[in-house]
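S.K.: Provide a 3D model corresponding to the input given below.
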Amino acid sequence: LLPPGSGCCGKMAVRKDAPSLPDFDVLKRLARDQLVYLLEQLPGKKDLFIEADLMSPLDRIANVSILKQHDVEKLYKLDNKPVVGVSDQLCFLVRPRISSVKHVAEIVNADKADGRLRKYKIIFTPQKFYMCETVLEEEGIFGDVTIDEWDFYLLPLDDDLISMELPEFFRDYFLEGDHRWMCTVAKALHVLHSLFGPFSKTYGIGRCAKMTYQLWKEIVADTESELKPRQAEIGQVFFIDRDVDYVTPMCSQVVYEGLVDDVFRIKCGSVDFGSEVTSSEKSVKVLLNSHDKVFKEIRNEHFSNVFGFLSQKARRLQMQYDKRQGMDIKQMKDFVSQELKSLKQEHRLLSLHIGACESIMKKKTKQDFQELLKSEHALLEGFEIRESTTCIEEHINRQISPFESLRLMCLLSLTENGLISKDYRSLKTQYLQSYGYEHILTFANLKQIGLLTEQQSGETLTAVESTMGKLVTDKAVGKLTDAFSSLARKSHFRALSKRLNLIPRSEEEYDLKVPRDMAYVFSGAYIPLSCKIIEQVLEERESWAGMEEVSRLLSSNQFATVERSVDPASSSSVQRVILVLFLGGCTFSEIAALRFLGKEKGYRFVFVTTAITNSFRMLESLIETHV
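M.R.: The predicted model follows:
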């Protein structure tokens, strides 16, 4: 992971004309005020039951002391264990899920059976669905509860990153074809449009992106009269579906924030560092954002640069501590009151990030990470496919990790436009034998969503080859198909890669300390497809003109609309604030790549995503059994 002589992080020059970002903290304040209002609708002492998935987001909005100020006596985690609240009023904060509603019904019906009279309030967030009311009726408690909605659509995780915390969006839409969350996303976008718009231009690619855009436009049309004229703070919006680019999330992340997410799992903008990082028995919860001075410097850096930066930072901190030598009493007093506290905080964070780096190094060395990256890069470039297939077989047979094996199989399938039948059947059989036959359903899901597919016989042949086949015997056709299978498989990824130059071609070695393009987020081997599309549309033409072949390969559904005319002189900086809406999740690698592009070109990107994702989370949502 660390090449010899790794120095400090290469600094990316920030253009002086880069615009400033809007203050998204107002979203937290609005969410907190609305929650407080809803709690006060149930006056007096109350117990609050919170769904497990909402614990972390709620903590970022309203901590325990705020809830206590509004008569919340006790907090309970809503799970399948029976819990009896002590108060005469129970409030439930839940997602609009059937399982959650049924659990609430169990608690209410248990009270009824015991003859206990209480008041019940269910707060659905971000909205309630009709099915929830239906379940309440079926369970016989519809008349016993009051229902409210908490419009908590958007959680700012950092200055430029907002999450809707809807990880289920990916499976619900892309696998199940369930459109229910699209209206939620459209409403969330409307909140941003009302506070920081009006937007001047919108672009998008993907079926879900197009439908979400249309829903949002309907909401705008319905509420246009209510909107007051205001100075826009966001200029352009880019909608992008996750299925436009499955390759990027299936690649191993090598920027620091991405690796921390892969190894420790960042949840709602914070991470729990265990004893292997803290060098003590206690685990420490760390908020990862730009307020952490150490993390801010290294989050977007390639991992090979991070150790060098941290050691330099440690030396600088030591020098600041050493200033105490030879100070008189007044100077010492000023030092203690002004600098010591921030130095201690920085020192604590520095030691945690050094511990995290060491832990990542140990885990990745154990997993033969360098060999894994070589295999991935070969797949992306289309070289040594047979060797890569053998490597995946070995991975499966050694039972290293069910998720890693599946990830590599998906990456092979995506880059080769599906596996040839022989390889698909062989790898599938070996996987099922290694990890269990219950995964047959997992393979069906992966096939349906397009992550792991089998090439149908004949689809690898070109028109000329098919004509040739008609002139010879059936047996010869079979041989001909096999002969062409390695040559004629022109996948969409290969065509897109060539058209958009996703694989940088250069004679000289890629300098990760001073990156020259977005490929640095994958060690110089690959520019994320999603990010390249955004760059092309924004930089080249601010439309899809000239990108017809790319949009055709991505099943079209692209759009570009001028929402309002702008005065070029007055709002040029606002036009360079671009909101990118990822439908189905985005990775920290994509965020790092677009931050780099923004620094290079003078843009400021604001990332809004249904959830933060990576290969593990995507595959976990598609696996039909606990592994």
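S.K.: And for the nearest residue to Arg494 once chain neighbours are set aside, the neighbour number?
M.R.: Closest residue to Arg494 apart from its sequence neighbours, by CB to CB, 6 or more residues apart in numbering: Gly382 at 6.1 Å. Glycine gets a C-beta too; all of them are placed from N, C-alpha and C. Gly382: 16 surrounding residues under other CB atoms under 10 Å.
S.K.: Equivalent analysis for Phe152, please.
M.R.: Counted with other CB under 10 Å, Phe152 comes out at 25.
S.K.: for the chain, which spans come out with low pLDDT?
M.R.: With pLDDT under 70 as the threshold, the chain has low-confidence stretches at 1-17, 318-342, 457-491, 506-507, 540-542, 567-571, 626-627.
S.K.: Show me what counts as buried in stretch 615-627.
M.R.: Buried residues in stretch 615-627, counting neighbours by 16 or more other CB atoms under 10 Å, are found at Ser615, Phe616, Arg617, Met618, Leu619, Ser621, Leu622, Ile623.
S.K.: Leu408 is in contact with the first one, correct?
M.R.: No: using CB atoms under 8 Å, Ser615 makes no contact with Leu408, being 9.6 Å away.
S.K.: sorry, back to before: a markdown table please, covering the buried residues of stretch 615-627 and showing distance to Arg604 and secondary structure.
M.R.: Listed next are these as a markdown table, based on distance: CB to CB, whole Å; DSSP: H, G, I helix; E, B strand; the rest coil:
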| residue | distance to Arg604 | secondary structure |
| --- | --- | --- |
| Ser615 | 28 | helix |
| Phe616 | 30 | helix |
| Arg617 | 27 | helix |
| Met618 | 28 | helix |
| Leu619 | 32 | helix |
| Ser621 | 31 | helix |
| Leu622 | 34 | helix |
| Ile623 | 37 | coil |
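S.K.: Nearest to Pro96 among these?
M.R.: Ser621 (17.9 Å; CB to CB).
S.K.: Helix or strand: which one has His103?
M.R.: helix 98-113 (DSSP states H and E).
S.K.: In that helix, which residues are buried?
M.R.: For helix 98-113, using 16+ other CB under 10 Å, the buried residues are Ser100, Val101, His103, Val104, Ala105, Ile107, Val108, Asp111.
S.K.: Repeat that for stretch 186-201.
M.R.: For stretch 186-201, by 16+ other CB under 10 Å, it's 186-190, 192-201.
S.K.: and which of those is nearest to Ala611?
M.R.: Among the buried residues of stretch 186-201, and counting by CB to CB, the member closest to Ala611 is Ala188, at 12.6 Å.
S.K.: roughly how far apart are the nearest residue to the closest one once chain neighbours are set aside and Trp216?
M.R.: Leaving aside its chain neighbours, Ala188 sits nearest to Tyr153 (3.7 Å; criterion: CB to CB, 6+ apart). Tyr153 is 12 Å from Trp216, where distance means CB to CB, to the nearest Å.
S.K.: And for Arg299?
M.R.: 31 Å.
S.K.: Kindly report the same for Gly269.
M.R.: 26 Å.
S.K.: So for these two, which sits in the more crowded spot?
M.R.: Higher neighbour count among Gly269 and Trp216: Trp216, with 25 against 19, using other CB under 10 Å.
S.K.: Skip the chain neighbours and tell me the closest residue to the more buried one.
M.R.: Ala186 (4.2 Å).
S.K.: contacting residues around the one you found?
M.R.: Applying CB atoms under 8 Å, 6 or more residues apart in numbering, we find Ala186 in contact with Thr212, Leu215, Trp216, Glu218, Ile219.
S.K.: do that again at 6 Å, thanks
M.R.: Thr212, Leu215, Trp216, Ile219 (CB atoms under 6 Å, 6 or more residues apart in numbering).
S.K.: which ones among those residues are found in strands?
M.R.: Members of those lying in strands (criterion: DSSP state E): none.
S.K.: can you list those in TSV and add distance to Tyr435?
M.R.: Formatted as TSV, the contacts of Ala186 follow (distance: CB to CB, whole Å):
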residue	distance to Tyr435
Thr212	36
Leu215	40
Trp216	42
Ile219	45
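S.K.: Out of those, which end up buried?
M.R.: Counted by 16+ other CB under 10 Å, those give Thr212, Leu215, Trp216, Ile219 as buried.
S.K.: Spell out the residue ranges of the strands in the stretch 101-250 of the chain.
M.R.: For the stretch 101-250 of the chain, applying DSSP state E, counting those that start in this stretch gives strands covering 119-124, 145-149, 155-158, 161-163, 201-205, 236-241.
S.K.: Tell me how far Ser56 lies from Val286.
M.R.: On the measure of CB to CB, Ser56 and Val286 end up 13 Å apart.
S.K.: that older thread, closest one to Ile591 out of the contacts of Ala186, please.
M.R.: Thr212 (20.2 Å).
S.K.: OK, contacts around the closest one?
M.R.: Met182, Val185, Ala186.
S.K.: quick one: which of these sit in helices?
M.R.: Among the contacts of Thr212, DSSP state H puts Met182, Val185, Ala186 in helices.
S.K.: can you pull the contacts of the second one?
M.R.: Counting by CB under 6 Å, 6+ apart, Val185 makes contact with Thr212.
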